[in-house]
Structures are given as structure tokens and as C-alpha cells.
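Asker: show me the folded form of this:
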Amino acid sequence: MTESSRAESAAEGGRPLRRDAALNRERVLRAAREVFGERGLNVTLDDVARHAGVGVGTLYRRFPTKEALIRAVFEQDAEGRMESAERALTHPDPWQGLVDFLMEMSADLAENRGLHEAVMLGSHSSGPIETTRAGMLPFLEALVRRAQESGQLRPEVTASDIPVIQHMLSSAAQFTRGTRPEIWRRYIEVLLNGLRERPDNPPLTTPSLSNESVEQLMGLVRPEPGTD
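Answerer: Below you'll find the predicted structure:
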């Protein structure tokens, strides 16, 4: 369980949740991740409760709104993405670290429709979600810079290219959903070949988007300091 999960699992008055209540909460989060992943964020809380095998009242006591449930699921998933980025930054081969991160993130977005909507389309945003999404930028910049300094990544590539590439790959997975959802793996191979620095690479003639443009396109609006 994440730190945020532990904090939210405290009952009113500061007492920890009873064991059965804590188990119900985790069951709901697991069910929500599965339902959101398969059907997207437009499902209802009733849908999640049925999938979790709990009463609607049990779900609403823990998560009174769908936004609260999405936020809890997203925060758990975001922790995993941060850990993935940290592993990539400590990989002894900067290029392989970047590749591993792209593969992990692309797999998550391709296989989880709800995550794709929350991360790439800005659906059901809130202050903490926006902060988490924006918090990935320093990791992307470090991964790109490290791979370029090793001479393995094209110098024209910028951190803002990464979300666009991931959007392309997850869109390919959604396009072939139910038929060839794994097709994104073919296209990431094509893209990686294009990203790698080689002596005979022709220069890229179209500039990358700015970080601000990518954030705007993703529906990411940075919260004002002190807001939640």
C-alpha cells in the first residue's frame, strides 16, 4: 500500500481502519483499476462496486465521488511510474535505461484505457493529479540528457517528444484494441530506431513542441501554489 493509501485509509478521528474495512478499500481499488483499465473512466461507481463484490454503500463510504476513486487509483499507479523512472536513471547503460522506461510506460498506457485517458487526455484531473503528471518532466529531461551525453540518443530529441511518442503508441493500441492491442510494440521498435544516434542520420527538420504546448495539449493545467 502506498503512503497516500495509508493516509487515506485512516478512519475518521485518526484511528486506523478495521482490517475488514481496509481489505474492502483495497478490493475496491483493485476492481477500479481493472474496470477503468478495460472500459475507461466513464464507468460508474456502481459498476466498480459490482466488480469488487461489495455493496454500493461500502464503496461510497470510502470514495464518495468517482473523482476521489480515480485520484486514489492514479496516485498508486503514479508511484509505480516514478519508481520506473528512478530505475531507468540508475541503469548503467543510459540508452537501455531510457528504452526500459519507454517500454514500461508504453505498456501501461497501451494496456490500461483509464490510465491513457487520465495521463494523455487529461480526463478527470485534479490538483494532485496535475502535480504528479507535471512532476514527471524532470525525470524525462534527465533521461533524455543522460542518453544524449552517452552519444546514443539523437541530439535533436527533447523531453517534450516523449509524451507525444507515448500518445502515438497508446493511440495505436486503442485503435487495434480487441484485435492486435500489442501492435504498439512494433511501432516502438520503429521509433527507437529513429531515436538512436547514428553517423548517417539525416537531421530532423521539424522542431519539437515546447513543454508548455505538450502540457496544454494534454489538458494539464498546473495548479496554483497552495491549491489542492
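Asker: and the lengthiest helix in the chain, what does it pack onto?
Answerer: Within the chain, and with DSSP state H defining each element, the longest helix by residue count is helix 66-89. Here helix 66-89 touches helix 3-8, helix 19-39, helix 45-52, helix 94-111, helix 113-120, helix 127-134, helix 137-149, going by 3 or more Cβ pairs under 8 Å, 6 or more residues apart in numbering; DSSP states H and E. Yep, even glycine has a C-beta here, placed from its N, CA and C like the rest.
Asker: how about those helices in a markdown table, adding distance to Glu79?
Answerer: Supplementary listing: the helices and strands packed on helix 66-89 in a markdown table, determined by distance: least, Cβ to Cβ, whole Å:
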| stretch | distance to Glu79 |
| --- | --- |
| helix 3-8 | 8 |
| helix 19-39 | 13 |
| helix 45-52 | 21 |
| helix 94-111 | 12 |
| helix 113-120 | 13 |
| helix 127-134 | 9 |
| helix 137-149 | 13 |
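Asker: name the stretch among those helices that sits most buried.
Answerer: Comparing the helices and strands packed on helix 66-89 by mean neighbour count (mean count of other Cβ atoms under 10 Å), helix 113-120 comes out on top with a mean of 24.
Asker: what angle do that one and helix 19-39 make?
Answerer: 80 degrees (axes from the mean of the first three to the mean of the last three Cα atoms, to 10 degrees).
Asker: any idea how many residues pack against Pro202?
Answerer: In terms of burial, Pro202 registers 5 neighbours under the definition other Cβ atoms under 10 Å.
Asker: in three-state terms, label it for me.
Answerer: The three-state label for Pro202, taken from DSSP: H, G, I helix; E, B strand; the rest coil, comes out as coil.
Asker: domain assignment for the chain?
Answerer: Using automatic domain parsing, the domain parsing of the chain gives 3-64, 72-217.
Asker: in CSV, list those along with mean pLDDT.
Answerer: Output for the domains of the chain, formatted as CSV (pLDDT from 0 to 100):
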stretch, mean pLDDT
domain 3-64, 76
domain 72-217, 85
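Asker: for Leu192, which of the helices and strands packed on helix 66-89 is the nearest?
Answerer: Ranking these by proximity to Leu192 (Cβ to Cβ) places helix 94-111 first, at 6.4 Å.
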